[in-house]
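1. Give me the fold of what follows.
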Amino acid sequence: MKSSFIRSYSDPAMLPKEGLPQVAFLGRSNAGKSSLINSLTDSKNLARVSATPGLTRLINIFDVAGKFHLVDLPGYGYAKMSRIEREGLTALIHDYLSTSKLLQLAVVIVDSRIGPTKDDRELIDSLHQADIPFILVANKVDKLSRTELSQIMSTLQVSVPGVPIVAHSSVTGAGSGELYEEIVRYLSASKA
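-> I've put the predicted structure just below:
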């Protein structure tokens, strides 16, 4: 799948007002968002992966196969950031979600080993209130036993009923195709 970096933005007001539909990727710092993006696009280095969480501070836009623009938003909830930095990134995320004219869908990434945190639940509540459809990704499932995976998937289905949930591993690639198909299916349906 041919994917490429387009541009980074520090201000949501500067984003294009027309073009391909946008799919926003959101997740807590250290939920594996960059690795997921690379796995989804079958690229090793499209999104920068770091051992240090919380490095994404801008809105990064990628073209995915000419079908949609993937919007990589900063991670939230990183404890080692100052309160002012955290508040600034939270404002950036909320400004994007509330002002983007091209946003069609969000992908919320949670670490399957710990399940949805308070920050994840607040984001999910915000998406519901703003009427922004989303897909939930239980990431890093390669770290779980089958029993643990079954339990977390059941918990997520109860927590967010009616929302598509994809189990994903960047290590094995499991769930990448399913996530891509869910995104394309939603975008195709919303065009009709």
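2. lowest-pLDDT helix or strand in the protein?
-> Between all helices and strands in the chain, the lowest mean by mean pLDDT, DSSP states H and E belongs to helix 83-99, at a mean of 88.
3. Show me how far it is from its chain's centre.
-> 15 Å (C-alpha atoms, centre = their mean, to the nearest Å).
4. ok, so what distance separates residue 121 from residue 160?
-> Taking C-beta to C-beta, to the nearest Å as the measure, residue 121 falls 9 Å from residue 160. (Glycine included, C-beta is placed from N, CA and C.)
5. Which strand or helix spans the most centrally placed residue in the chain?
-> In the chain, the residue lying closest to the centroid (C-alpha atoms, centre = their mean) is residue 25, at 2.3 Å. Taking DSSP states H and E as the criterion, residue 25 maps to strand 22-27.
6. who touches the helix or strand following that strand?
-> Going down the chain from strand 22-27, the next helix or strand is helix 33-40, by DSSP H and E. The contact list for helix 33-40 (C-beta atoms under 8 Å, 6 or more residues apart in numbering) reads 25-27, 44-50, 56, 62, 64, 70, 72, 75, 109, 137, 139, 168-170, 173, 176, 179-180.
7. low-confidence ranges in this structure?
-> Residues of the chain meeting the criterion pLDDT under 70: 49-56, 78-81, 192.
8. 80 instead?
-> The model of the chain has pLDDT under 80 over residues 1, 48-57, 77-82, 86, 191-192.
9. Report the secondary structure state of the residue with the largest distance to the centre of it.
-> Centroid-distance maximum for the chain: residue 147 at 25.2 Å, with C-alpha atoms, centre = their mean. The three-state assignment at residue 147 reads helix, by DSSP: H, G, I helix; E, B strand; the rest coil.
10. about what we covered before: correct me if wrong: the residue nearest to the centre of the chain contacts residue 75.
-> No: using C-beta atoms under 8 Å, residue 25 is not in contact with residue 75; the gap is 10.0 Å.
11. Bridged to the residue nearest to the centre of the chain, which residues?
-> Taking DSSP bridges as the rule, residue 25 bridges to residue 72, residue 107.
12. So it versus residue 183, what's the distance?
-> 10 Å.
13. what pairs with residue 7 across the strands?
-> In this structure, residue 7 bridges to residue 61 when assessed by DSSP bridges.
14. pretty sure it is touching residue 61, no?
-> Yes: with contact defined as C-beta under 8 Å, residue 7 counts as touching residue 61 (5.5 Å).
15. in this structure, which spans are helices?
-> Here the chain has its helices, by DSSP state H, at 33-40, 83-99, 118-129, 146-159, 176-191.
16. Run a quick neighbour tally on the residue lying closest to residue 171 once chain neighbours are set aside.
-> Leaving aside its sequence neighbours, residue 171 sits nearest to residue 142 (C-beta to C-beta, 6 or more residues apart in numbering; 4.5 Å). When neighbours are defined as other C-beta atoms under 10 Å, residue 142 has 15 of them.
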